[in-house]
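Chemist: Attaching a predicted model along with its sequence, questions to come.
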Amino acid sequence: MKSYQSYRNLPALAGLCTLEEAMKSGLSIEICVARLKRYHYAFKRLHQIFNARITAEPIYELKMGFSLHAHLCAEHVDALRKRVGEMREPPLGLDIVPDQNLEVFFDEILAAPGTEELIAGLYGKAIPALKKALEDHVAQTNPLADAPSVRLCRFALLEVEDMLRFGRECVEKLIDSTAATKMEGWLRLLDDCLAAAGGLDGSQPAEAKDILRRHSGKGHWYDPIPRRDERFPDPYNMGVNAEVFLYDEKMPAEAKVLMIFYKRLREIDVPEMMASIIAETPGKPWGYYRDMTRQLWDEARHAMMGEVGFVQLGVDWPKKVMVNFTWSLGLNTQLSSIERHGVLYYIEQGLMPKNGKRYEWEVGVKSKNPLCALFQDYDWADEVLHARIGRDWYLKEFKNAAEGVSYGDKCWSKVLVGWRQWREEGLTRHRNWWPDCYRQACESRGVEPDPKVLAYNTTYEQVRADLKDLSASA
């Protein structure tokens with residue numbers, strides 16, 4: 001009926017599409033589900049890769065980007081799992097590899113030997129292929145019959161495009177012509193894997209290709225050792241105890257803001273540690289990985305809040321602030337994954353009382369630094385969420401909350417901090433960088449340094465970050 005019109009020419013079909021578009025044949029349930037499963041597999045493997053490479057990636061901006069992208073992928077995995085479950089698919093079969101060539105494709109990127117190959121594989125091959133698959137789904141499916149899938153694809157495309165924009169800039173700035181030439185053969189292998197799989201979505205005829213593993217031939221081993229770029233020249237430095245200063249009632253709030261921003265930036269080590277828990281804890285429901293990765297991303301956000309805070313205060317943090325990795329190094333190399341989770345939960349519980357995150361927010365307000373107050377307002381809210389995540393997933397391993405907290409405290413006490421050893425081996429002098437940092441902040445504000453603040457010189461040799469005394473330093 002070409003003459004059919006909606007009432008008073010109002011938008012038809014709830015604005016989803018035109019009548020003509022709603023009449024196209026589109027994708028059957030069988031084809032739609034097969035494609036959704038492939039998108040699910042792609043997001044799941046991308047989550048694995050981003051998470052697995054956070055700790056050992058030295059470049060700070062990539063650590064932060066990988067943290068965000070792991071979180072986004074985890075959320076889309078969750079949404080796709082739910083959608084497949086709505087489409088006559090019990091059992092879901094989402095743990096089945098949809099194509100062996102796709103498995104090799106993602107295995108190769110996971111095992112990429114360096115940063116250049118990793119970002120070329122992720123942002124030059126995998127994410128562009130996923131973007132095309134999602135775009136094709138929206139274009140080819142019936143927009144009325146398959147409206148829920150179209151919605152998921154459109155939302156996913158928003159964030160996939162953000163990931164791709166970030167990644168392309170990284171590739172452009174980090175991969176020169178020499179590096180690009182060296183990896184040409186490997187990138188052709190990735191193209192061959194996709195061609196042999198019929199494309200990422202399986203919609204194309206599979207091409208006959210000779211697929212031989214290169215980097216992934218020996219499998220993947222998660223690297224738990226945190227690494228930093230050259231802006232972190234003294235990563236073993238434990239010469240400035242932020243917590244003792246922060247809780248000293250004699251110290252002014254304006255100076256405490258600097259310590260708060262230091263504590264935030266130092267939270268780089270939380271994604272480095274949490275990535276190890278996620279990577280080394282198999283067999284959990286997807287909700288576990290989704291929630292833990294959300295927390296990991298929040299901690300990365302907190303680190304970036306510290307970065308922004310120092311820039312606002314005119315502090316050249318790579319030169320004036322020695323951000324260490326000793327916490328993530330100690331936990332990743334000395335504890336099991338459940339022990340690390342115990343330490344994390346113990347710390348989160350310590351942040352809930354009035355002298356925890358609320359106190360830091362109050363310092364921000366008192367300091368009359370609106371950015372610090374804002375950041376701590378959100379940091380406090382995030383930590384409340386993290387405490388809930390711990391209750392949902394960690395406490396299930398214990399009879400009650402008290403037992404879980406006690407276990408975390410004992411696990412943290414097991415970690416040997418090589419304060420003296422690192423100094424004796426020449427890894428650090430535990431230099432007190434605080435006076436230089438404070439002076440520069442004062443210069444930026446045009447005020448004279450407070451002699452009492454300038455003289456602060458308490459280290460982590462004897463006092464832990466939760467203010468517990470240490471009986472000895474290994």
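Modeler: Received, thanks.
Chemist: Mind giving me the packing neighbours of the helix or strand containing Ala70?
Modeler: Following DSSP states H and E, one finds Ala70 within helix 60-85. Where contact means 3 or more CB pairs under 8 Å, 6 or more residues apart in numbering; DSSP states H and E, helix 60-85 is packed against helix 29-54, helix 147-174, helix 269-279, helix 286-312. Glycine gets a C-beta too; all of them are placed from N, C-alpha and C.
Chemist: Save these as a markdown table, and put in mean pLDDT, mean neighbour count and distance to His76 too.
Modeler: Putting the helices and strands packed on helix 60-85 into a markdown table (pLDDT from 0 to 100; neighbours: other CB atoms under 10 Å; distance: least, CB to CB, whole Å) gives the following:
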| stretch | mean pLDDT | mean neighbour count | distance to His76 |
| --- | --- | --- | --- |
| helix 29-54 | 97 | 22 | 5 |
| helix 147-174 | 98 | 17 | 5 |
| helix 269-279 | 98 | 26 | 16 |
| helix 286-312 | 98 | 21 | 10 |
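Chemist: Pipe these into CSV and attach distance to Pro11 per row.
Modeler: CSV is the format used below for the helices and strands packed on helix 60-85 (distance: least, CB to CB, whole Å):
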stretch, distance to Pro11
helix 29-54, 25
helix 147-174, 15
helix 269-279, 44
helix 286-312, 35
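Chemist: among these, which is nearest Asp392?
Modeler: If you check each of those against Asp392 by CB to CB, helix 286-312 wins as the nearest, at 6.7 Å.
Chemist: the inter-axis angle of the closest one versus helix 269-279?
Modeler: 170 degrees (axes from the mean of the first three to the mean of the last three CA atoms, to 10 degrees).
Chemist: hmm, back to that, name the residues of the helix holding Ala70 that are buried.
Modeler: By neighbour count on 16 or more other CB atoms under 10 Å, the buried set for helix 60-85 is 60-81, 83-84.
Chemist: repeat for stretch 193-212
Modeler: 193-203, 209, 211.
Chemist: do the same with stretch 7-22
Modeler: By neighbour count on 16+ other CB under 10 Å, the buried set for stretch 7-22 is Cys17, Ala22.
Chemist: quick one: contacts of that stretch?
Modeler: Contact with stretch 7-22 is made by Tyr4, Ser6, Asn142, Pro143, Leu144, Ala145, Ala147, Val150, as judged by CB atoms under 8 Å, 6 or more residues apart in numbering.
Chemist: Counting only strands, which of those residues make the cut?
Modeler: With DSSP state E as the criterion, strands contain none of those.
Chemist: Would you format these as a markdown table with distance to Pro370 included?
Modeler: Formatted as a markdown table, the contacts of stretch 7-22 follow (distance: CB to CB, whole Å):
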| residue | distance to Pro370 |
| --- | --- |
| Tyr4 | 58 |
| Ser6 | 51 |
| Asn142 | 51 |
| Pro143 | 46 |
| Leu144 | 49 |
| Ala145 | 51 |
| Ala147 | 43 |
| Val150 | 42 |
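Chemist: Can you flag the buried ones in those?
Modeler: By 16+ other CB under 10 Å, the contacts of stretch 7-22 give Asn142, Pro143, Leu144, Ala145, Ala147, Val150 as buried.
Chemist: Keep only those of the contacts of stretch 7-22 that are in helices.
Modeler: Using DSSP state H, the members of these that fall within helices are Ala147, Val150.
Chemist: how close does Ser6 get to Ala14?
Modeler: Ser6 sits 11 Å away from Ala14, going by CB to CB, to the nearest Å.
Chemist: Gly404 now?
Modeler: According to CB to CB, Gly404 and Ala14 sit 48 Å apart.
Chemist: Can you give me the domain assignment for this structure?
Modeler: The chain breaks down by automatic domain parsing into domains covering 25-196, 242-454.
Chemist: Would you mind putting those into JSON lines with distance to Val463 alongside?
Modeler: Shown next, in JSON lines, are the domains of the chain (distance: least, CB to CB, whole Å):
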{"stretch": "domain 25-196", "distance to Val463": "27"}
{"stretch": "domain 242-454", "distance to Val463": "6"}
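Chemist: what's the closest of the buried ones among the contacts of stretch 7-22 to Pro282?
Modeler: Within the buried ones among the contacts of stretch 7-22, the smallest distance to Pro282 is 33.2 Å, found for Val150 (CB to CB).
Chemist: can you tell me how far that closest one sits from Asn101?
Modeler: Look at Val150 and Asn101: by CB to CB, they are 27 Å apart.
Chemist: now Met238
Modeler: 48 Å.
Chemist: These two: which is more packed in?
Modeler: Applying other CB atoms under 10 Å to Met238 and Asn101 shows that Met238 carries more neighbours, namely 22 against 19.
Chemist: unless I'm mixing things up, that one is touching Phe325, no?
Modeler: No. Using CB atoms under 8 Å, Met238 makes no contact with Phe325, being 10.7 Å away.
Chemist: Stretch 242-250: how far from the chain's middle?
Modeler: 30 Å (CA atoms, centre = their mean, to the nearest Å).
Chemist: actually stretch 302-321, not the one I typed
Modeler: Chain-centre distance of stretch 302-321: 20 Å, with CA atoms, centre = their mean.
Chemist: what do you get for stretch 205-213?
Modeler: Per CA atoms, centre = their mean, the centroid offset for stretch 205-213 relative to its chain is 33 Å.
Chemist: Report the separation between the two terminal residues of that stretch.
Modeler: Counting by CA to CA, to the nearest Å, you get 22 Å between the two ends of stretch 205-213.
Chemist: ok, residues contacting that stretch?
Modeler: Asn101, Val104, Asp107, Glu108, Leu189, Asp192, Cys193, Ala195, Ala196, Ala197, Gly198.
Chemist: Quick check: phi and psi on the fifth one?
Modeler: The reference is to Leu189. Main-chain dihedrals, Leu189, degrees, to the nearest 10: phi -60, psi -40.
Chemist: Then the last one?
Modeler: Backbone torsions of Gly198, given as degrees, to the nearest 10, read phi 70, psi 30.
Chemist: I'd assumed Gln100 was in contact with it.
Modeler: No. With contact defined as CB under 8 Å, Gly198 and Gln100 do not form a contacting pair (12.0 Å).
Chemist: for the record, mean pLDDT for stretch 360-372?
Modeler: The pLDDT scores in stretch 360-372 average 96.
Chemist: Centre of the chain to stretch 206-224, how far?
Modeler: 24 Å.
Chemist: What's the end-to-end length of that stretch?
Modeler: End to end - CA to CA - stretch 206-224 spans 38 Å.
Chemist: And stretch 361-370, by the same measure?
Modeler: One end of stretch 361-370 to the other measures 10 Å (CA to CA).
Chemist: does Phe232 sit in a helix, a strand or a coil?
Modeler: Classification of Phe232 using DSSP: H, G, I helix; E, B strand; the rest coil returns coil.
Chemist: how many neighbours does it have?
Modeler: 20.
Chemist: Excluding sequence neighbours, find me the nearest residue to it.
Modeler: Val323 (5.6 Å; CB to CB, 6 or more residues apart in numbering).
Chemist: now Gly85
Modeler: Of all residues not flanking Gly85 in the chain, Leu92 sits nearest, at 5.8 Å (CB to CB, 6+ apart).
Chemist: Just give the number of residues close to that neighbour.
Modeler: 15.
Chemist: Wait, Leu152 touches Leu80, no?
Modeler: Yes. Using CB under 8 Å, Leu152 makes contact with Leu80 at a distance of 6.6 Å.
Chemist: got the contact list for the residue nearest to Phe232?
Modeler: Shown in contact with Val323 (CB under 8 Å, 6+ apart): Arg228, Phe232, Pro235, Tyr262, Leu265, Arg266, Ile268, Trp317.
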